[in-house]
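*Asks:* structure, please.
(one chain, ligands or ions: 2)
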Amino acid sequence: MRPEYRYALMNTQTPHPPVLSMRNISITLGGRKILNSVSLDVERGELKVLIGPSGGGKSTFLQCMNLLVTPDAGSVSIEGASVNPHDKKALCRLRQDVGMIFQDFNLFDHLTAVKNVAIALRRVKGMSREAAEERAMHELGRVGLTDKADLYPAHLSGGQKQRVAIARALAMDPKVILLDEPTSALDPELVGEVLAVIRDLAKSGMTMIMATHQMDFATALASEILFMEQGNIIERGTPGSLLAPDSATRTRDFCTRLADM
Ligand SMILES: Nc1ncnc2c1ncn2[C@@H]1O[C@H](COP(=O)(O)OP(=O)(O)OP(=O)(O)O)[C@@H](O)[C@H]1O
Ligand SMILES: [Mg+2]
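*Replies:* Ligands and ions are numbered 1, 2, ... in the order given. Below you'll find the model as predicted:
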């Protein structure tokens, strides 16, 4: 079959391409192979959870998904369109489509909560100050922080800072949100409020990929768990299949040891 026909056939068979598709992503950093031809498709409304030992490549893989890190090989596609990492406009669009939540919040210390959310709306979407702040207030309301809008990060708890970061990501109307251990820098009593916001997002149909070791959360909500080690996805499956009491999976073994820590 001629290649162009094969392509046309592929398109008719997949009318809804994955929201985000990572194909054969490889990267070497500091002379070490960090990701070894890793692939992942995320469908609309899914929550994929990445787990695995420290240094396995979870953060690097997440950073490749919005091209904060440029892989040496492989492709990133949004809704079927591949993104050229050297095209600045395409990168700017990608960063709007793919929101990112980091472990340590990454807020601007000199801006209030509402201005932290509004700034990208003004700079990237070109909104007026009034319109941007109105939208920012709406997003702060979604994460339960209306009454903290005028506070600076120094006067917010870790859980509140992380919720501001989530509001900031939501304000860009992302197609998918990446979360890199969003609760691991928090005091234990603050973890629940952030997980509750993420749970509500998942239930509202937001597409997300999250590195986390919060296994109760992952078990309840993940559409799929991916276990990463030494730059490879070595196991993947539903929480039920990977974590069932009788399953002899690397994932279950790892989670049992996490729970004993
Ligand atoms: N810029 C870099 N230069 C050299 N090595 C790097 C760089 N960034 C990451 N690495 C290495 O890549 C490997 C994977 O790191 P990564 O942060 O992706 O792992 P991780 O699974 O997120 O770990 P953790 O659970 O500790 O967050 C580690 O060995 C790390 O030291
Ligand atoms: Mg990490």
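
*Asks:* from Leu20, how far out is the most centrally placed residue in the chain?
*Replies:* Centroid-nearest residue in the chain, with C-alpha atoms, centre = their mean: Leu178, separated by 0.8 Å. In this view, Leu178 and Leu20 are 9 Å apart by C-beta to C-beta, to the nearest Å. For glycine as for every other residue, the C-beta is placed from the backbone atoms N, C-alpha and C.

*Asks:* go on, Ala165?
*Replies:* Between Ala165 and Leu20 the computed distance is 20 Å (C-beta to C-beta).

*Asks:* count of neighbours near Thr183?
*Replies:* By other C-beta atoms under 10 Å, 24 other residues sit near Thr183.

*Asks:* kindly report the same for Lys88.
*Replies:* Residues lying near Lys88 (other C-beta under 10 Å) number 9.

*Asks:* check the one 4 residues further on too.
*Replies:* The number of residues packed around Cys92, counting by other C-beta under 10 Å, is 11.

*Asks:* equivalent analysis for Ala259, please.
*Replies:* Using other C-beta under 10 Å, the number of residues around Ala259 comes to 10.

*Asks:* run the contact check for the strand or helix carrying it versus ligand 1.
*Replies:* Using DSSP states H and E, the element containing Ala259 is helix 250-260. No. Judged by C-beta under 6 Å from any ligand atom, helix 250-260 and ligand 1 are separated, with a smallest distance of 11.6 Å.

*Asks:* list the buried residues in that helix.
*Replies:* Within helix 250-260, the residues that count as buried by 16 or more other C-beta atoms under 10 Å are 251-252, 254-255.

*Asks:* just give me the closest of these to ligand 2.
*Replies:* When those are ranked by distance to ligand 2 (C-beta to the ion), Phe254 comes first, at 14.9 Å.

*Asks:* one step back: anything in contact with each of Leu178 and Leu20?
*Replies:* Counting by C-beta atoms under 8 Å, 6 or more residues apart in numbering, the shared contacts of Leu178 and Leu20 are 65, 98, 209.

*Asks:* re earlier: any residue of the helix or strand where the residue nearest to the centre of the chain lies touching ligand 1?
*Replies:* Counting by DSSP H and E, the element that carries Leu178 is strand 176-180. No. No part of strand 176-180 sits close enough to ligand 1 to count as contact by C-beta under 6 Å from any ligand atom; the gap is at least 7.2 Å.

*Asks:* ok, residues contacting that strand?
*Replies:* Taking contacts as C-beta under 8 Å, 6+ apart, the residues outside strand 176-180 that touch it are 19-20, 42, 58-59, 62, 65-66, 97-103, 166, 169-170, 198, 201, 206-212.

*Asks:* adding distance to ligand 2 and pLDDT, write the buried residues of helix 250-260 out as a markdown table.
*Replies:* Listed next are these as a markdown table, based on distance: C-beta to the ion, whole Å; pLDDT from 0 to 100:
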| residue | distance to ligand 2 | pLDDT |
| --- | --- | --- |
| Thr251 | 17 | 92 |
| Arg252 | 21 | 92 |
| Phe254 | 15 | 92 |
| Cys255 | 17 | 89 |
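
*Asks:* put together TSV for these, with distance to Pro71 on each row.
*Replies:* Shown next, in TSV, are these (distance: C-beta to C-beta, whole Å):
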residue	distance to Pro71
Thr251	25
Arg252	30
Phe254	26
Cys255	29
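
*Asks:* which of those sit farthest apart?
*Replies:* Of all pairs drawn from the buried residues of helix 250-260, the one with the longest distance (C-beta to C-beta) is Arg252 and Phe254, at 7.3 Å.
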